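S.K.: need a 3D model of the following:
(2 chains)
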2 protein chains.
Amino acid sequence: MPMPGTGGGPLTGVTVVSLEQAIAAPLCTRHLADLGARVIKIESPAGGDATRHYDDVVHGMAAHFVWLNHGKESAALDLTAEADREVFGRLIANADVVVSNLAPGALGRLGFAPDDLVARHPRLIVVDISGYGRGGPYDHKRAYDLLIQAESGSCSITGTPDAPAKPGIPIADVGTALYAYSSVLAALYDRERTGRGAVIPIAMLDVMGELMGFALNTVIHSGREPVPVGLGSPMVAPYGAYPTRDGQTVVLGTTSDREWRRLATDLIGRPDLAADERYARNIDRCARRAELDAVLADWCKRHDLDDIRARADAAGIGNARLNGVRALAEHPQLAARGRWREVGTPAGPVPALVPPALARGWPVVSGRVPALGADTDAIRAEVGCAPAATATPGQPA
Amino acid sequence: MPMPGTGGGPLTGVTVVSLEQAIAAPLCTRHLADLGARVIKIESPAGGDATRHYDDVVHGMAAHFVWLNHGKESAALDLTAEADREVFGRLIANADVVVSNLAPGALGRLGFAPDDLVARHPRLIVVDISGYGRGGPYDHKRAYDLLIQAESGSCSITGTPDAPAKPGIPIADVGTALYAYSSVLAALYDRERTGRGAVIPIAMLDVMGELMGFALNTVIHSGREPVPVGLGSPMVAPYGAYPTRDGQTVVLGTTSDREWRRLATDLIGRPDLAADERYARNIDRCARRAELDAVLADWCKRHDLDDIRARADAAGIGNARLNGVRALAEHPQLAARGRWREVGTPAGPVPALVPPALARGWPVVSGRVPALGADTDAIRAEVGCAPAATATPGQPA
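M.R.: Take a look at the predicted model:
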């Protein structure tokens, strides 16, 4: 099984120490490991990252944990104990990057406030993830993906007006992870040129504010609340999901006036609609969305999915199948392009996708998912500390 | 009005040329501009980025366009014309980064295939965004956010089993943008050490595959399709949105057995439930989700929102208000932490959020939103080309 951090990617030689749990910090550091960084995941000896216990579907391991943690080492440290805080401090002294998404203020209470760390280690890059940022009336509130999605209005523009919904992908968590990840890379680049590290505070609410930018502009300048449109697109019409004759669901529509004329003429054989002034401009079609949805729905239910897709492709009209997750796992485009590989786990190899956005020539690093504390003693020895006594269950960090 | 690219951030001195449209490439390059890069947005003289025309809510400009394009220069070039391709080629020769999210293969057809560019300019970093990646049966299919979200199963885990929904935040687009952004930063870091540029292909489908990792693991190993749970959380129970006595909606719940006991005992005054073996473990509570939802719903409808939130905070139970977008615009936590600033536009300054994840000490770059072609002649002069003749409307690039 390949050792983590030896893959030869662009972050080879970079060491990351992460006090992490759940999704936001673990996805950030997993992508750092994907680029060749050595990632040391610090976990409480009392159970470790709670994500380990979400379920047991992957040979006894949790789906989330396996997704987020391959390519890392695990050191079980009880940071309420002085001896383990000493190990942690020595690890930091040798590290390039520290990432944390503990509860608000927890790093400081442990004696490792981000500003103090960078004062002591001027080349260190410290990423401090919180729900609401430091200061302000929400400073110390707990934050999970669903809570931040609710608080930020993300759920209000998802689903239908009567039934708002949380996006299934935990976008507050993964968005925060991706901003944390990019900020580490920006700080590493900056450090190459200035020699200085950085303290990077990231608040999940700020991340969602950024990603809601289009909706914020609408509300601020028009006063209108955006309305969720189910499977449609709020900006263009017609666009939506329509049942087909063979019991599938096709998603298609138009993004421009030119496309609309092609759709009407070349796809559904209605040049009369293409010529109809009432539907000429997108703003008019949005106002008459229901009429055009009915036309498309009627046409789709009289044709089979494959036929619709082939005709739409030929007419230059975007189209997709409304897929479940099984269809993604079996997606011919992922298979044809060799996007699957294996990663190691304590229960043997499992399939995983190659991470997106690797430059041509960068290696695919395929490190293992660590068992809780798998690397504790090796890491203690590395920083000159004795092996742990029999693990004393403590409070989670 | 501050000039773009002069903010002194970590990417000062980096020049980005972007053949971009819609969301994925524009959000990537906007964040590069946020860090001080000079971003030259290439637009067709015939209308420019289609996003300019989505709507007119921001003093005549589109909500999406204003969100995604401040801090950039705009050069209107007709890349179907040899003279303008010459300008583009000279811009690339001086650039550090080229980003493109044109239609599949368009860069190559224009004579600027990514591999050729890097062969000619070995330090150049080229990001080539597509819907489905190169090769495979979906190679040349059109790809928009809704289509990729449908194709990747994201909609199938959002909403309800009877009414799947597209997440309102265009996660296929913004996820792709954030991977493109981080890949540029990783390649810049790598170039500092190796002197070499990079070709970085990014497919929206691969991005969604990554972000669906937890759901893929579930399907692959259990055979079970994840079921969308509206405003709930699929992994833990009870967790959801409950109407309050004063007509608001609160979101709350538990993420661990310990939290569950606190919720039952300290928040809703039901120590009998905390002691009930049937609800002791999360897996049991998930199986009895409906029973516990009913208990929480009944309690919440007898209390006011502020009271519930104060009590939940005191009990250490995460909680949020189900907000619309107006509430995000007016969110006290964003105001208290000074997260709003102004950016310039042709119609005067407008409010915008400070980008997330800036290191302490990095400046907040507040460049303007460019009018179409605002910088064309200055940029032509800079590379030794004459000003454009009266713009000849051509095909969009």
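S.K.: ok, the helix or strand hosting residue A:261 near chain B or not?
M.R.: Counting by DSSP states H and E, the element that carries residue A:261 is helix A:257-262. No. Judged by CB under 8 Å from any CB of the partner chain, helix A:257-262 stays clear of chain B, getting no closer than 9.3 Å. The way it works is simple: take the backbone N, C-alpha and C, and place the C-beta from them, glycine included.
S.K.: what's in contact with that helix?
M.R.: Here helix A:257-262 makes contact (CB atoms under 8 Å, 6 or more residues apart in numbering or on different chains) with A:254, A:274, A:279-282, A:285, A:315-317.
S.K.: same question for stretch A:376-389.
M.R.: By CB under 8 Å, 6+ apart, the residues outside stretch A:376-389 that reach it are A:40, A:45, A:73-77, A:83-84, A:86-87, A:90-91, A:94.
S.K.: hang on, the earlier thing: among the contacts of helix A:257-262, which are in reach of chain B?
M.R.: A:316-317.
S.K.: and the contacts of helix A:257-262, which are buried?
M.R.: Applying 16 or more other CB atoms under 10 Å in any protein chain shown to these, the neighbour count classes A:254, A:274, A:279, A:282, A:285, A:315, A:317 as buried.
S.K.: what about the third one, distance to residue A:245?
M.R.: Here residue A:279 is placed at a distance of 25 Å from residue A:245 (CB to CB, to the nearest Å).
S.K.: residue A:90 too?
M.R.: Taking CB to CB, one finds residue A:90 at 67 Å from residue A:245.
S.K.: try residue A:229
M.R.: The value you get for residue A:229 to residue A:245, if CB to CB is used, is 25 Å.
S.K.: these two: which is more packed in?
M.R.: residue A:229 (21 against 13; other CB atoms under 10 Å in any protein chain shown).
S.K.: contacting residues around residue A:18?
M.R.: So, once contact is read as CB under 8 Å, 6+ apart, residue A:18 ends up touching A:25-26, A:28-29, A:39-42, A:72, A:98-100.
S.K.: switch to 10 Å and redo it
M.R.: The contact partners of residue A:18, by CB atoms under 10 Å, 6 or more residues apart in numbering or on different chains, come to A:25-26, A:28-30, A:32-33, A:39-43, A:72, A:95, A:97-101, A:127.
S.K.: nearest residue to the residue sitting nearest the centre point of chain A other than its sequence neighbours?
M.R.: In chain A, the centroid-proximal residue (CA atoms, centre = their mean) is residue A:174; its distance is 2.7 Å. Excluding its sequence neighbours, the residue lying closest to residue A:174 (CB to CB, 6 or more residues apart in numbering or on different chains) is residue B:211, at 5.5 Å.
S.K.: what is the nearest of the buried ones among the contacts of helix A:257-262 to residue B:146?
M.R.: residue A:254 (11.7 Å; CB to CB).
S.K.: mean confidence for stretch A:375-389?
M.R.: Across stretch A:375-389, the average pLDDT comes to 93.
S.K.: centre of the chain to that stretch, how far?
M.R.: Chain-centre distance of stretch A:375-389: 32 Å, with CA atoms, centre = their mean, to the nearest Å.
S.K.: could you do stretch A:77-96 as well?
M.R.: The chain centroid and the centroid of stretch A:77-96 are separated by 28 Å under CA atoms, centre = their mean.
S.K.: what's the answer for stretch A:100-109, then?
M.R.: How far stretch A:100-109 lies from its chain's middle: 21 Å, per CA atoms, centre = their mean.
S.K.: what are the buried residues along it?
M.R.: Using 16+ other CB under 10 Å as the test for burial, stretch A:100-109 gives A:100-104, A:107.
S.K.: out of those residues, which touch chain B?
M.R.: residue A:103 (CB under 10 Å from any CB of the partner chain).
S.K.: residue A:181 contacts residue B:178, doesn't it?
M.R.: Yes. Between residue A:181 and residue B:178 a contact is recorded at 8.2 Å, counting by CB atoms under 10 Å.
S.K.: residue A:116 belongs to a helix, doesn't it?
M.R.: Yes. Assessed with DSSP: H, G, I helix; E, B strand; the rest coil, residue A:116 lies in a helix.
S.K.: do you have the strands of chain A handy? List them.
M.R.: Under the criterion DSSP state E, chain A contains strands at A:15-19, A:38-43, A:72-76, A:97-100, A:125-130, A:198-203, A:239-243, A:249-253, A:319-321, A:340-343, A:350-353.
S.K.: what's the closest of those to residue A:290?
M.R.: strand A:239-243 (10.4 Å).
S.K.: quick one, the longest helix seen in chain A and strand A:15-19 angle?
M.R.: Secondary structure of chain A per DSSP state H: the longest helix is helix A:171-194. Angle, helix A:171-194 to strand A:15-19, by axes from the mean of the first three to the mean of the last three CA atoms, to 10 degrees: 140 degrees.
S.K.: identify the bridge partners of residue A:239.
M.R.: residue A:253 (DSSP bridges).
S.K.: wait, it sits on residue A:256?
M.R.: No. Residue A:239 is beyond contact range of residue A:256, at 11.4 Å (criterion: CB under 10 Å).
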